[in-house]
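> sequence plus the predicted model coming up.
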Amino acid sequence: MTLKTRAAIKAVFGEPLLVEEIELEDPGDEEVLVKLFATGICHSQLHQIHNPDGPVPTLLGHEGTGIVLKAGSKVSHVKEGERVMIQFVPRDLPDGMTTANRTKYRWQGEEYEAGVYTWAEHALLNEQMVVPLPNDVPTDITAIIGCAVITGAGAALYTAGVKPGDAVAVFGVGGVGSNVLAGAKIAGADPIIAVDLNEGKLGYAKELGATHTVNGADVNAPDAIKELTGGGVDYAFDAIGVQAAFLQSVESVKAGVLGVHRGGTAVIVGIGQGDLPLPRLFPIGERTIMGSMGGSARPGEVMPNYIEWYKEGKLPLEKLVSKKYENLDEINEGVRALEQGEIEGRSIIVYDAP
Ligand SMILES: [Zn+2]
């Protein structure tokens, strides 16, 4: 049976997104048809929207929640009528596969393929892109687990493996950086130093567990961090992806002692807009630079942990989601506000109360 639904579509580079009807067929063997409850709005989509070479048409969005309307014959981890989270990392790819298979949709009479997408009232997704969402948690704020939380908190908890008492600095208190702060707090890091250029975002960082804040517009952030920690942090996270933040995060990491132990680690979470140079004397101090994408761990294994931490009050999703839109028609406004730096944490679109 053909389902008609509405989706945000990047149809022409440089123009606002269209919100138009698309058509979805019944799921194939390894696919699920999901009615969306909510979706997050993430910086990655801004990069997609502003990429002149990106394919068109493109469906967007890669974190959300919904309910399974239909499931293919080979789908066993979720059933019809069950709630799911949608995430941008495949949940548990079999050996040998590097990406989940794409699905099909029709728009204006033509057939196209899509990977994951959540800026749509319904989505046809490969089963790899959903994991179960328990019934005893809200369906709106949990929409950000599928990208912001696994990327940000996961960078601290799983990529870096922050331990209790480790000193942590986080550059950038946006959608991802705010989640790095939350992950560092869950891990028991102390101190947790937030760095941003915006005083409002630094106040917000304190609500999320930052023990100290540094305004990089007023002081040299690495110097301030070294003074606060007596020489530098165990882990510095670059959650921005611009050259200055990258270099400052590397510089904020503590040096090792020659012949005794290695230095700390800079974890690069933000995707840079250009290449990133290393200081000539980088080898001195034996610091490590580590890339983090999607928080390293398999979503099928770790996303239930985030639900548990939320229930225990350790993952403040209600604070991490700072803005809710009520209709897909507001998508271009949501994109504009994110772009203008108006969003602390994450904004979401809520399609439909369950
Ligand atoms: Zn994202």
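Perfect, thanks for sending it.
> give me the number of residues near the closest residue to the ion within the stretch 151-300 of the chain?
Taking C-beta to the ion as the measure, the stretch 151-300 of the chain has T151 as its residue closest to the ion, at 6.5 Å. No exception for glycine: its C-beta is placed from N, CA and C like everyone else's. By the measure other C-beta atoms under 10 Å, the count of residues near T151 is 30.
> that one touches N179, doesn't it?
Yes: judged on C-beta atoms under 8 Å, T151 makes contact with N179 at a distance of 6.9 Å.
> got a list of what A160 touches?
Y235, F237, T265, V267, M290, S292 (C-beta atoms under 8 Å, 6 or more residues apart in numbering).
> and the pLDDT for it?
Note on A160: pLDDT of 98.
> sorry, back to before: mind checking which helix or strand the residue of the stretch 151-300 of the chain closest to the ion is in?
helix 150-154 (DSSP states H and E).
> what's the mean pLDDT across that helix?
Summarised as a single mean, pLDDT over helix 150-154 is 97.
> what does it contact?
Here helix 150-154 makes contact (C-beta under 8 Å, 6+ apart) with 87, 89, 175-183, 186, 239, 269, 292-297, 299, 302-303, 306, 315.
> just the buried ones among those residues, please.
For the contacts of helix 150-154, a burial check counting by 16 or more other C-beta atoms under 10 Å picks out 87, 89, 175-183, 186, 239, 269, 292, 294-297, 299, 302-303, 306, 315.
> which of those fall within helices?
Using DSSP state H, the members of the buried ones among the contacts of helix 150-154 that fall in helices are 175-183, 186, 299, 302-303, 306.
> re earlier: chain center to the helix holding T151: distance?
Offset of helix 150-154 from its chain centre (C-alpha atoms, centre = their mean, to the nearest Å): 7 Å.
> please apply the same query to stretch 275-289.
26 Å.
> pull the residues that contact that stretch.
Outside stretch 275-289, the residues that touch it by C-beta under 8 Å, 6+ apart are 243, 246-247, 250-251, 253-256, 262-266, 268.
> which of those residues fall within strands?
T265, A266, I268 (DSSP state E).
> please name the nearest non-neighbouring residue to the closest residue to the ion within the stretch 51-200 of the chain.
Across the stretch 51-200 of the chain, no residue is closer to the ion than C147, which sits at 3.3 Å (C-beta to the ion). Among residues not flanking C147 along the chain, E63 sits closest, at 3.8 Å (C-beta to C-beta, 6 or more residues apart in numbering).
> F88 is in contact with the residue of the stretch 51-200 of the chain closest to the ion, correct?
Yes: C147 is within contact range of F88, at 5.2 Å (criterion: C-beta under 8 Å).
> now do the contacts for A297.
Residues near A297 by C-beta under 8 Å, 6+ apart: I150, G154, Y158.
> how close does the first one sit to T159?
Read it as I150. Here the criterion is C-beta to C-beta, to the nearest Å. By it, I150 lies 11 Å from T159.
> low-scoring pLDDT stretches of the protein, where are they?
352-354 (pLDDT under 70).
> so which residue of it lies furthest out from the middle?
The centre of the chain is farthest from one residue, G259, which by C-alpha atoms, centre = their mean lies 38.3 Å away.
> residue closest to the middle of this structure?
Central residue of the chain (C-alpha atoms, centre = their mean): A148, at 2.5 Å.
> would you agree it is in contact with C42?
Yes: with contact defined as C-beta under 8 Å, A148 reaches C42; the gap is 6.7 Å.
> find residues that contact each of those two.
Shared contacts of A148 and C42, defined by C-beta under 8 Å, 6+ apart, are found at E63, G175, R346.
> quick check, nearest of these to G14?
Checking the shared contacts of A148 and C42 against G14 by C-beta to C-beta gives G175 as the nearest, at 24.0 Å.
> so which bits of the stretch 51-200 of the chain are right by the ion?
Contacts of the stretch 51-200 of the chain with the ion, taken as C-beta under 5 Å from the ion, map to C147.
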